[in-house]
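Asker: from the sequence below, what's the structure:
(one chain, ligands or ions: 1)
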Amino acid sequence: MLHTNLSRLLASGGPKRLISTVNKLTTVEVNDKTGIAILTMNRPPVNGLNLELLQDLKSSIDEIEGNKSRGLILTSSSPTIFSAGLDILEMYKPDMDRCRAFWSQLQETWLALYGSSVPTAAAINGHSPAGGCLLATSCEYRVMVPKFTIGLNETQLGMIAPQWFMSAFLSVLPQREAERALNQGRMFTTEEALRVGLIDETANSKEEAIEKCAAFIGTFAKVNPLARSLTKQQFRAADLQQLKNGRKEDLEKFLFTVSQPALQKGLGIYLEGLKKKVKKQ
Ligand SMILES: CCCCC/C=C\C/C=C\CC/C=C/CC(=O)SCCNC(=O)CCNC(=O)[C@H](O)C(C)(C)COP(=O)(O)OP(=O)(O)OC[C@H]1O[C@@H](n2cnc3c(N)ncnc32)[C@H](O)[C@@H]1OP(=O)(O)O
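Answerer: Model (predicted):
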């Protein structure tokens, strides 16, 4: 049971080597024995995906691709939030040049994660709405800790998830389930997500989630790495190509959407609601 041993070693806190200290908002730790890299998002308070976090994620993914890691586990340093999705402040009253760079970087980072040649898994140790769910569904396996929520809630914000958000969601859920959830902007509890297949397993802690992700990655230990990665890429090629072909158009649609006064009004109200919630507690 090679993969069980791998996951035990990783979870035991065994020999770990911090190989990246360059990025401010992400860290990469590669376990020397297992060769599995843990990529941690660290942008308090909620890992809102702003331009800089997206840049750091992309550079960490590149680093993991380049250092011949056996797999990538994506997780968060927050005890309650995996990622709150896109940083709404990047879209609310935006500077249009920065907004352009932000969306282009989101596209770039998604292409790198969804198209990654190494096995990928998400240890979802907190809430994971919208862009957070996009990251999780772009991985090949998901393990989630109880009492959190995950889903694509864009319609609740008066927004439309782009086609490639849907592609990642559809790589996990059947069309009927995915369509209903997106139309509703539904957030699933951990238990509901397991029931519909949005996540693969639950775990009682972040450590256990990482252990289960490592066990998943360990299932490839005896599979030819090139055959595995080319097979994965064939499955994902059409989704990746669709965005690559339509990147410019997708960017223009996004910029048009965020410049609509009705959308700006809605985002303002949504942000206000988030802040009021803080004051009530
Ligand atoms: C056919 C044509 C098709 C065209 C398509 C083309 C383009 C499409 C256009 C647009 C697509 C846009 C896609 C968007 C995807 C997204 O990801 S949008 C973001 C969605 N995220 C959310 O809705 C999450 C909101 N947050 C929460 O629900 C909660 O914060 C939480 C994550 C559950 C955590 O709760 P908790 O109680 O722990 O924390 P607080 O709520 O107190 O938050 C702390 C602090 O953080 C701020 N904050 C939270 N989330 C965000 C965020 N996403 N962005 C920015 N800021 C956020 C919150 O306001 C608090 O701030 P403070 O009061 O200043 O401390």
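Asker: buried set for stretch 24-34?
Answerer: Leu25, Thr26, Thr27, Val28, Glu29, Val30, Asn31, Thr34 (16 or more other CB atoms under 10 Å). Using the backbone N, CA and C atoms, a C-beta is placed for each residue, glycine as well.
Asker: my error: substitute stretch 143-163 in the last question.
Answerer: Buried-residue list, stretch 143-163, by 16+ other CB under 10 Å: 143-145, 148-154, 156-159, 161-162.
Asker: is that stretch in proximity to the ligand?
Answerer: Yes - if you take CB under 6 Å from any ligand atom as the test, stretch 143-163 does meet the ligand, through Asn153, Glu154, Leu157, Met159, Ile160, Pro162.
Asker: would you double-check that the fifth one falls in a strand?
Answerer: No - per DSSP: H, G, I helix; E, B strand; the rest coil, Ile160 lies outside any strand segment and is coil.
Asker: so what's it up against?
Answerer: Under the criterion of CB atoms under 8 Å, 6 or more residues apart in numbering, the neighbours of Ile160 are Glu154, Thr257.
Asker: separation between it and Arg180?
Answerer: Distance, Ile160 to Arg180, using CB to CB, to the nearest Å: 16 Å.
Asker: pick the one among the residues of stretch 143-163 next to the ligand closest to Ala203.
Answerer: The nearest member of those to Ala203, counting by CB to CB, is Asn153 at 23.4 Å.
Asker: ok, the closest one - contacts?
Answerer: Here Asn153 is in contact with Pro129, Ala130, Gly185, Arg186, Met187 (CB under 8 Å, 6+ apart).
Asker: wouldn't the last one be in contact with Thr155 here?
Answerer: No - applying CB atoms under 8 Å as the test, Met187 and Thr155 come out as separate, 11.4 Å apart.
Asker: contact residues of the chain facing the ligand?
Answerer: 45-46, 48, 80-81, 84-89, 127, 129-131, 153-154, 157, 159-160, 162, 253-254, 257, 274-275, 277-278.
Asker: drop the exposed ones from the residues you listed and show what's left.
Answerer: 46, 48, 81, 84-88, 127, 129-131, 153-154, 157, 159, 162, 254.
Asker: return the subset of the residues of the chain next to the ligand lying in strands.
Answerer: The strands, defined by DSSP state E, take in Pro129 from those.
Asker: show me which of the buried residues of stretch 143-163 is closest to Lys222.
Answerer: Nearest member of the buried residues of stretch 143-163 to Lys222, counting by CB to CB, is Val143, at 21.7 Å.
Asker: looking at this, that closest one is in a helix?
Answerer: No - read with three-state DSSP, Val143 is strand and lies in no helix.
Asker: make a markdown table from the buried residues of stretch 24-34 and add secondary structure and distance to Ala227 to it.
Answerer: Output for the buried residues of stretch 24-34, formatted as a markdown table (DSSP: H, G, I helix; E, B strand; the rest coil; distance: CB to CB, whole Å):
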| residue | secondary structure | distance to Ala227 |
| --- | --- | --- |
| Leu25 | coil | 34 |
| Thr26 | strand | 30 |
| Thr27 | strand | 31 |
| Val28 | strand | 26 |
| Glu29 | strand | 28 |
| Val30 | strand | 23 |
| Asn31 | strand | 24 |
| Thr34 | coil | 21 |
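Asker: JSON lines for those, including pLDDT?
Answerer: Listed next are the buried residues of stretch 24-34 as JSON lines, based on pLDDT from 0 to 100:
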{"residue": "Leu25", "pLDDT": "97"}
{"residue": "Thr26", "pLDDT": "97"}
{"residue": "Thr27", "pLDDT": "96"}
{"residue": "Val28", "pLDDT": "96"}
{"residue": "Glu29", "pLDDT": "95"}
{"residue": "Val30", "pLDDT": "95"}
{"residue": "Asn31", "pLDDT": "91"}
{"residue": "Thr34", "pLDDT": "93"}
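Asker: of those residues, just say which sits nearest to Lys265.
Answerer: Lys265 lies nearest to Leu25 out of the buried residues of stretch 24-34, by CB to CB, at 30.1 Å.
Asker: check contacts around that closest one.
Answerer: With CB under 8 Å, 6+ apart, Leu25 has these contacts: Met41, Asn42, Arg43, Glu52, Leu53, Asp56, Leu57.
Asker: which of the contacts of Asn153 sits closest to the ligand?
Answerer: Closest approach to the ligand among these (CB to the nearest ligand atom): Ala130, at 3.0 Å.
Asker: ok, for that closest one, nearest residue in space, not its chain neighbours?
Answerer: Among residues not flanking Ala130 along the chain, Gly85 sits closest, at 3.3 Å (CB to CB, 6 or more residues apart in numbering).
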